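Asker: what's the 3D shape of this:
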Amino acid sequence: MLALLWGSTFLWTEVALDALTPVQVTFSRCLLGAVTLLVICLATGRRLPGSPAVWGRVVVAAFFCNALPFAMFSFGQQSIDSGVAGVLNATTPLWSLLIGVIVGSERRLRPSRLGGLLLGFAGVVLILAPWQATEAGGWGALAIVVAAAGYAIGFTLMARWLVGRGIPTISLSAAQLIAATALTAPTLPAGGFAPIEIAPRELAAVVVLGVVTTGVTFHLTYRNIAAEGATNTATVGYLLPVVSVALGVVLLHEDFSLRVALGMAVVLAGVGLTRRPARPPALQRANPAEGTTADRTTADPASGDGDGTTAVGSTAAAADTAAADTDRTTGTDRTTRDRPAAPPAGGLPPQERNVRQ
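Answerer: So this is what the prediction gives:
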């Protein structure tokens, strides 16, 4: 759902730019998104943050995650298609991973996760085809890349500074869009006061862009960061080429080719690798024989819940059975105690007769 809403942003931005200037699009989406989340926040009995320190962090996060990317998308999409914009925005996970590694906020990077990120980047490159001379190689493409990097920085700051500190995500997301609106307002003299002639189609695009794909989507993004971290949230960006290209082709009649289709398939494969769960750690081996049994049992999904309990129980049961058989051979009474079975028809076994004698 997040990928679908986020990916459609480029479609609505493209339509809104038919009637509004880039500054007007940026300011209107921030304002409408802020009003939407503020209403939800107050209606659910939540309050905006009251600490000046929290607001200071919110303002910094709002610049990198809202004001800067929204402005770059509006300016960039004047010269590139909405599908290409979505493809370039898919570099957000790479920037997020790089920043996370630098600041030490990310978990240990598994080979499968690294491979998924690199494979996703390869799919993006295949869709973009930088070896071909297209308009996407200009300033518009650079603006979208800057926006993607801004998202990555913003996600990292939100994960480190804001979430998990006892403040509801609806309060944080509403406050951040309010801050983004305030940050965007000073840019209004640079085209924000131009005369507006807007048709119902463009007006609907502006409303959906502000209320749904900015307000609602940003709150869902905040919740995802709180639940899964900055890099996992940024990984959703790998699905954006699929959504943005599909919507651009179907609704805006943008170009589509076999190369783009192959690139999207590679992107989806990369997403699958990044979401692949880590294998549970192998049980510590007490000895080679027990370790083999435990590893073999743990690897079988039908043998238990994956925490090694069944494997240890099976190994212990096997050891008890072997000990009982050994005791019966050596003549101890463990077999008699553990297995109260009737003696065979031919009389007591030789071991039992020897003991009684």
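Asker: gap between the helix or strand encompassing residue 28 and the chain center?
Answerer: Using DSSP states H and E, residue 28 sits in helix 22-43. Distance of helix 22-43 from the chain centroid (Cα atoms, centre = their mean, to the nearest Å) equals 24 Å.
Asker: For it, buried residues please.
Answerer: Residues of helix 22-43 classed as buried under the neighbour-count rule (16 or more other Cβ atoms under 10 Å) are 22-38, 40-41. C-beta here means a position set from N, CA and C on the backbone, and glycine is covered the same way.
Asker: Against which helices or strands is that helix packed?
Answerer: Counting contacts by 3 or more Cβ pairs under 8 Å, 6 or more residues apart in numbering; DSSP states H and E, helix 22-43 packs against helix 2-16, helix 68-76, helix 169-184, helix 200-210, helix 217-228.
Asker: Kindly present those as CSV, with separate columns for mean pLDDT, distance to residue 47 and mean neighbour count.
Answerer: Compiled in CSV, the helices and strands packed on helix 22-43 are given as follows (pLDDT from 0 to 100; distance: least, Cβ to Cβ, whole Å; neighbours: other Cβ atoms under 10 Å):
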stretch, mean pLDDT, distance to residue 47, mean neighbour count
helix 2-16, 91, 26, 23
helix 68-76, 96, 26, 25
helix 169-184, 97, 6, 25
helix 200-210, 96, 23, 18
helix 217-228, 87, 16, 20
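Asker: Residue 159 is nearest to which of the ones you listed?
Answerer: Residue 159 sits nearest to helix 217-228 of all those, at 5.3 Å, using Cβ to Cβ.
Asker: Give me the residues contacting the closest one.
Answerer: Residues outside helix 217-228 that contact it (Cβ atoms under 8 Å, 6 or more residues apart in numbering) are 1-2, 5-6, 9, 33, 37, 40, 66, 155, 158-159, 163-164, 169-170, 172-174, 176-177, 232-233, 236.
Asker: chain center to it, what's the gap?
Answerer: On Cα atoms, centre = their mean, the centre of helix 217-228 falls 9 Å from the chain's centre.
Asker: With stretch 145-159 instead?
Answerer: 14 Å.
Asker: Alpha carbons of that stretch, as CSV, please.
Answerer: The C-alpha atoms that make up stretch 145-159 are tabulated as CSV, following Å, rounded to 0.1, in the frame of the first residue of the first chain:
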residue,chain,number,x,y,z
VAL,A,145,18.5,12.3,-7.3
VAL,A,146,19.0,15.1,-4.8
ALA,A,147,15.4,14.5,-3.6
ALA,A,148,16.2,10.8,-3.1
ALA,A,149,19.2,11.6,-1.1
GLY,A,150,17.2,14.0,1.0
TYR,A,151,14.6,11.3,1.7
ALA,A,152,17.4,9.0,2.9
ILE,A,153,18.8,11.7,5.3
GLY,A,154,15.4,12.5,6.6
PHE,A,155,14.5,8.9,7.3
THR,A,156,17.7,8.4,9.2
LEU,A,157,17.2,11.6,11.3
MET,A,158,13.6,10.6,12.0
ALA,A,159,14.7,7.1,13.1
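Asker: So for that stretch, mean pLDDT?
Answerer: Across stretch 145-159, pLDDT averages out at 90.
Asker: for stretch 276-283, same thing?
Answerer: On average, the pLDDT along stretch 276-283 is 63.
Asker: Same check on stretch 103-121?
Answerer: Averaging pLDDT along stretch 103-121 yields 76.
Asker: And stretch 90-100, by the same measure?
Answerer: Here the average pLDDT along stretch 90-100 is 77.
Asker: Show me which positions of it end up buried.
Answerer: Those would be 90-97, 99-100, for stretch 90-100 by 16+ other Cβ under 10 Å.
Asker: Quick check: helices, which of those are part of them?
Answerer: Using DSSP state H, the members of these that fall in helices are 92-97, 99-100.
Asker: Please produce CSV containing those, extended by distance to residue 216.
Answerer: Output for those, formatted as CSV (distance: Cβ to Cβ, whole Å):
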residue, distance to residue 216
92, 19
93, 22
94, 26
95, 24
96, 22
97, 26
99, 26
100, 26
